[in-house]
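*Asks:* here is the input, now give the coordinates:
(2 chains)
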Amino acid sequence: MNRVMGKYKEIKLVVRNYFEALEKTSPENVVEVMNEYMSDDYTFRGSYPFRHLKEIEAVAEQVWIPLKRSLTNLQRRQDIFIAGTNELGSDTWVMSMGHFMGLFDAPWLGIRPTGKMINLRYAEFHCVDNGKIVQTGLFLDIIGMMEQAGTNPLPPSTGVYYTYPGPRDHDGLLFEDVPEEEGVKTLNLVNEMIDDLSELNDLGSMTCPPEILERTWSKNMIWYGPSGVGASYTIPRYQIQHQLPFRENLDNKKFVGHICRFAEGNFACFFGWPNLSNTHLGGWLGMPGSGVSTEMQVVDVYNRKGDELSENWVIIDIPYWLKQQGLDVLGRTEDIFQPDYIKR
Amino acid sequence: MKNTYQEIKKIVRDYFEEMEKCTPEESVVVLKKYTSDNYTWEGPYPFLNQAGADDAADIFWKPLKESMAKMQRRQDVFMAGTSVDGKEWVMSLGWFMGLYDKEFMHIPITCKMHHLQYAEFSCVENGKITHTAMFVDLIGFMVEAGVNPLPPETGHYFRYPGPRDHNGLMFEDAPYEKAVDSFKVVDDMINGLISLNVGNETPRDMLKKSWNDDMIWYGPCGIGASYTIPRYQMQHQMPFRKQLKDKTVGTIHAYFAEGDFVCFYSSMTVTSTGGWLGLPASGKPGNLRGDIDIYYVKNGKISENWCFIDLPNYLHDLGVDIFERTTRICNPKDPDGENKTW
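*Replies:* All right, here's what the predicted structure looks like:
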């Protein structure tokens, strides 16, 4: 095997085969598929309410079987597919980002079905060792799905949420490995950007001068944020519609770390558990301050064009962040839209 | 038949790039550079037919670029070919995206990212674009701005993606033989449907011959998208076939294939018997102008289909101007309607 060009060929194949098998199988056979592709000591981290699961059966029963039953004919529409070695270790990972699309035919997590097409945005990380998936991080924009189903649990967002596209050039599916130096450039640029922001956090800064962003971002950058915040376009509008509300309304922002961070070609990604902690002063998401130090789970996927970051897809586990502050948006929404006292 | 379209693709790509980079005022200059002296342009209601680059820029490009700051063209399909009438075309499908900062057709602004779905057909002759057919989903644009002019839709409209395999951007020519195969799949399907226009049934078996079971139909806003043959029949095809009568198909233009993709634009005259779009029977025919289809053929069958219908024109034929009515209700700066600009 060519260790240079085809370094991630095998792990990409394992994950692609798993995706295909999972998509084709019936809900009843999910455990069987997972047993074939996952190691015995498999662990799973996922968006609230799934969180940390340590058994294949638990992941199948809580995550995949209900999802496949609710979103019939579920298909994975990938926009980015990359692999690499974790910058924070020597473990190798595959990341897939896109939407799960299906017909929303039965309630899911208490969300009222529509009988129509629905798009559940996801970013999925798989750590592969010895031909088996040993660890998964699965992050879902559940509020985005609630919004599409007509049951948005949050006040108006500063940006706009919709079914986001992948990279403008449709070049995110790296089923074949690309030269490693391109990934190095991308990761360096992302790290430079993170260092700039961490420096502001360490100084206790509640703002961010646009010149700092211009060092690493394209002026026409697009930030695709979680539903509840939405997307924005261009540095000035991004600052108004996301960055400044985030920086100004959240106090004690502390970077905790990442579980996995890597790049391939023009794309880089990471997730943490949690990535950071902060205390809400009030205003962000249209919600009042809580005074509680809260963990925040974030996924970032970046696209570099030349020497600038051009697009950035972000999932924040907002339901978990709110849960720590005493609000269960899933339970509350179910109680309102599908209450026990109405028999369907 | 010619088997390279590199030259006309380059002309159209250069035109797209310059049009994106120029100011709203410069759009006419760019259009003039790439179009012939006898250039003609057509678009959905209320833009309709325009003669010459000046009028096309004034009615469409300049106001749109002024409204959608930093507007970029996000293409999902880009293809070229020779139509059955011998003319050479380039077709681009995707979304115009910009910051919706200034009112377009009096639709309330959002100051956020905003989208206009488009399919643009460019006929290129002797190195110049001689005709443009530009179809855009204006109702989708309104819905995104929070002013939906129509009752609830049977399917689901959203910011549609391009082909699942991200293989629609054929900047390099695709092998010719593939186009022949794709074209045949679509052509057989269309001939089958036209033969049914005398009645109003469509047997599911007939669809299964030319469509994959997990097909997706991305319809115009007002109808929305649907997925899988049974759900497509329920959420679009049956209402369309059963609630509209006297279907007459007009001339098919720019009907060609490249690689796994096939496209055309046409029109159809129909009379509603009530129910379609959540509207009562019309009592007279309406013109479904700007009936556009782009197909993605996979494994010998149609897998995805992006479809535009000029519903505002149809409604105008039947006595409702949705732009005038909706903006007067939702954005009543001009309650007497004296400054109507279209």
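*Asks:* now do the domain split for chain A, please.
*Replies:* Here the domain parsing of chain A from automatic domain parsing is A:9-148, A:180-331.
*Asks:* give me the below-cutoff pLDDT ranges for chain B.
*Replies:* Counting by pLDDT under 70, the ranges of chain B that qualify are B:1-3, B:197-201, B:334-342.
*Asks:* so which bits of it are right by chain A?
*Replies:* Counting by Cβ under 8 Å from any Cβ of the partner chain, chain B comes close to chain A at B:69-70, B:72, B:74, B:76, B:95, B:97-99, B:110-115, B:144, B:155-156, B:158-162, B:164-169, B:214, B:216, B:224-228, B:231, B:235. No exception for glycine: its C-beta is placed from N, CA and C like everyone else's.
*Asks:* closest to chain B out of the domains of chain A?
*Replies:* With Cβ to the nearest Cβ, the closest approach to chain B among these belongs to domain A:9-148: 3.9 Å.
*Asks:* please pull out the lowest mean pLDDT helix or strand from chain A.
*Replies:* strand A:250-255 (a mean of 91; mean pLDDT, DSSP states H and E).
*Asks:* pretty sure A:E311 contacts A:I222?
*Replies:* Yes. If you go by Cβ atoms under 8 Å, A:E311 and A:I222 touch, sitting 4.8 Å apart.
*Asks:* returning to that earlier point: quick one: strands adjacent to the least confident helix or strand of chain A?
*Replies:* strand A:276-280 (antiparallel) (DSSP bridges).
*Asks:* tell me what angle the longest helix seen in chain A forms with strand A:250-255.
*Replies:* What stands out as the longest helix in chain A, according to DSSP state H, is helix A:180-202. Computed by axes from the mean of the first three to the mean of the last three Cα atoms, to 10 degrees, the angle separating helix A:180-202 from strand A:250-255 equals 140 degrees.
*Asks:* show me what helix A:180-202 is packed up against.
*Replies:* Helices and strands touching helix A:180-202, as assessed by 3 or more Cβ pairs under 8 Å, 6 or more residues apart in numbering or on different chains; DSSP states H and E, comprise helix A:210-214, strand A:250-255, strand A:260-264, strand A:267-271, strand A:298-305, strand A:308-316.
*Asks:* what comes into contact with the fourth one?
*Replies:* Under the contact criterion Cβ atoms under 8 Å, 6 or more residues apart in numbering or on different chains, strand A:267-271 has outside partners A:80, A:82, A:95, A:97, A:123, A:125, A:137, A:139, A:167, A:172, A:174, A:183, A:186-187, A:189-190, A:258-263, A:297-304.
*Asks:* show me where the stretch 1-150 of chain B has strands.
*Replies:* Ranges of strands in the stretch 1-150 of chain B, per DSSP state E, counting those that start in this stretch, are B:35-42, B:49-51, B:68-82, B:88-100, B:113-125, B:128-136.
*Asks:* out of those, which gets nearest to A:E211?
*Replies:* strand B:68-82 (19.5 Å; Cβ to Cβ).
*Asks:* and the residue lying closest to B:F308 once chain neighbours are set aside, what does it touch?
*Replies:* Among residues not flanking B:F308 along the chain, B:I292 sits closest, at 4.0 Å (Cβ to Cβ, 6 or more residues apart in numbering or on different chains). By Cβ under 8 Å, 6+ apart, B:I292 lies in contact with B:119, B:135, B:263-266, B:306-309.
*Asks:* again, 7 Å this time
*Replies:* B:119, B:135, B:265, B:307-308 (Cβ atoms under 7 Å, 6 or more residues apart in numbering or on different chains).
*Asks:* coming back round to it: ok, and what's touching the least confident helix or strand of chain A?
*Replies:* A:198, A:201, A:276-281, A:284, A:293.
*Asks:* put the buried members of those residues into a PyMOL selection.
*Replies:* A single PyMOL command selects the buried members of the contacts of strand A:250-255 (16 or more other Cβ atoms under 10 Å in any protein chain shown):
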select buried, chain A and resi 201+276+277+278+279+280+281+284
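*Asks:* could I get the contacts of strand A:250-255 as a markdown table with pLDDT?
*Replies:* A markdown table is the format used below for the contacts of strand A:250-255 (pLDDT from 0 to 100):
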| residue | pLDDT |
| --- | --- |
| A:S198 | 85 |
| A:N201 | 83 |
| A:L276 | 93 |
| A:S277 | 95 |
| A:N278 | 95 |
| A:T279 | 96 |
| A:H280 | 95 |
| A:L281 | 94 |
| A:W284 | 96 |
| A:S293 | 95 |
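*Asks:* doesn't A:M95 make contact with A:Y122?
*Replies:* No. A:Y122 is beyond contact range of A:M95, at 10.7 Å (criterion: Cβ atoms under 7 Å).
*Asks:* thank you, goodbye.
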